[in-house]
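Trainee: 3D, please:
(chains A and B)
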Amino acid sequence: MAEPMKIRATLKGDVADIRVLVAHPMETGQRKDAAGNIVPMHFIQSMTVTHNGNIVYDGQWSQAVSRNPVFAVRVRGAKVGDKVVVQWIDNKNDKRTDEAIIVAG
Amino acid sequence: MNLSHPSRPLRRTLLQFTGALGVLGTVAAAGLLKTTQAVAAVWNKAGFESKAVADAMKSLGASSAAESRDIVITAPDIAENGAVVPIEVVSRIPNTQSISIIAEKNPFPLSATAEFANGAEPYAYVRIKMGQTSHVRAVVKADGKFFTASKEVKITVGGCG
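Mentor: Predicted coordinates:
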C-alpha cells in the first residue's frame, strides 16, 4: 500500500490553494539499478482532485513528473471546512485516495 | 408451512422491482458520475509516447496553437538539478479548460496535462524531470481553441538517467 499523501489546503480570499505531496518513485524506465538492469517504468498516470464532491482537477501525467511529485491546484469559491479528495492511479493500477479539509490561510 | 404458492407472485414482483431498481440505480450513478464525480479522462497514450514535440502537440489537437502573451510560465532560468524542475503556468485567457506542459528536448516531451472544472483556477504547478537545457512549452485550451508560450530552462545536471 502506498504511503499517504500530504495535502495542505488553505483559503486565501475565496481561493483555496491546495498543495499535494505524493510518495511515489515515478520511474522513467530509463534508469539502471546497481546491477545494470533497467528499472521498469512505474509512474502515476492519473491524478484527480475533487472539491465537495465536484471534480476540479483532472490531471494526466507522464513519467517525466519528478519522484515524490508535488503539485498544486487553486479553486475559486471555496470555504473553510470544505472537503478536498485527491486520488492517483499509476501504470501498475496501484491507487491511493486521501482527503483534507480546507483551513483558513 | 405452505407459503410457497401465495408468496411466489410477491417474490417475483419483488425480484422484478429490485431488478428494475438495480438498472435505474446504475443509470442514475452513471449520470451522476458524468456531471460531478471523478471520471478521469482516458490517458493520452499517443501524446505521452510521442518523441517529437509536433506529434505531442497533434495529440492534444494543438498543432495550430497561437503564440500568446497571456500564458505566464514561471520556471528557473537555470536549474542545477534536472531531476526536480518546478514549473508553474498561469493562463489569463478567458475560459481556460486545460494546461499541458511540454519539455521540448526530453525523450518524451509531453509531461503533464491538467483539465479544470467547477471553479478551478487556470493554474498548474508541477515538478518535472528534464534531461537537458530546453524550452518548456505550455499549451492552453480555451473555448476549444489552443494557445501556447514557452520559456527556456538551462539544466546543469540532467535528471532523466
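
Trainee: count the neighbours of B:Ser59 for me.
Mentor: Number of residues near B:Ser59 (other C-beta atoms under 10 Å in any protein chain shown) recorded here: 19. (Each C-beta comes from the backbone N, C-alpha and C, glycine too.)

Trainee: now it: which helix or strand?
Mentor: Secondary structure from DSSP states H and E places B:Ser59 in helix B:53-60.

Trainee: wait, what's in contact with A:Val65?
Mentor: A:26, A:43-44, A:71, B:111-112, B:126-129 (C-beta atoms under 8 Å, 6 or more residues apart in numbering or on different chains).

Trainee: okay, now the unreliable bits of the chain?
Mentor: Just so you know, I chose chain A. Scanning chain A for pLDDT under 70 picks out A:1.

Trainee: my bad, chain B
Mentor: Using pLDDT under 70, chain B drops low at B:1-40, B:160-161.

Trainee: so which residues of it form strands?
Mentor: B:66-67, B:71-74, B:78-81, B:85-91, B:96-103, B:110-116, B:123-128, B:134-142, B:145-157 (DSSP state E).

Trainee: need those in TSV with mean neighbour count, can you?
Mentor: Shown next, in TSV, are those (neighbours: other C-beta atoms under 10 Å in any protein chain shown):
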stretch	mean neighbour count
strand B:66-67	10
strand B:71-74	17
strand B:78-81	14
strand B:85-91	21
strand B:96-103	25
strand B:110-116	25
strand B:123-128	24
strand B:134-142	23
strand B:145-157	17
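
Trainee: kindly reformat these as JSON lines containing distance to chain A.
Mentor: What follows is the strands of chain B, written out as JSON lines (distance: least, C-beta to the nearest C-beta, whole Å):
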{"stretch": "strand B:66-67", "distance to chain A": "23"}
{"stretch": "strand B:71-74", "distance to chain A": "12"}
{"stretch": "strand B:78-81", "distance to chain A": "10"}
{"stretch": "strand B:85-91", "distance to chain A": "8"}
{"stretch": "strand B:96-103", "distance to chain A": "6"}
{"stretch": "strand B:110-116", "distance to chain A": "4"}
{"stretch": "strand B:123-128", "distance to chain A": "4"}
{"stretch": "strand B:134-142", "distance to chain A": "11"}
{"stretch": "strand B:145-157", "distance to chain A": "13"}
